[in-house]
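Novice: sequence? don't have it. structure:
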């Protein structure tokens, strides 16, 4: 069965533990920071400019999953 890249990423993220998700979130923030630094400092062209948008969406997905789990724990 064909799964889109986003669906595969969501499935992979949902299988991770909270600690793994937090680590993944930190890595995404770090990479996003580095890319934004490259862009701001004008160190040539950012090698993969589309990666900035991907990282922002990944960060949002991870935060959403963590929030869903938090609400499930408190009974919402």
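Specialist: Thanks, I have it. What you are looking at is a predicted structure, and each value in this text was computed from that prediction instead of being measured. Numbering: from 1, shown residues only.
Novice: mind listing the helices for this protein?
Specialist: Taking DSSP state H as the criterion, the chain carries its helices at 5-14, 18-41, 50-74.
Novice: can I get these in JSON lines with mean neighbour count?
Specialist: Yep, even glycine has a C-beta here, placed from its N, CA and C like the rest. Below are the helices of the chain laid out as JSON lines (neighbours: other C-beta atoms under 10 Å):
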{"stretch": "helix 5-14", "mean neighbour count": "12"}
{"stretch": "helix 18-41", "mean neighbour count": "13"}
{"stretch": "helix 50-74", "mean neighbour count": "13"}
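Novice: among the ones you listed, show the one with the smallest mean pLDDT.
Specialist: Within these, confidence is poorest for helix 5-14, with a mean of 91 (mean pLDDT).
Novice: got the angle for that one vs helix 18-41?
Specialist: Interaxial angle, helix 5-14 versus helix 18-41 (axes from the mean of the first three to the mean of the last three C-alpha atoms, to 10 degrees): 130 degrees.
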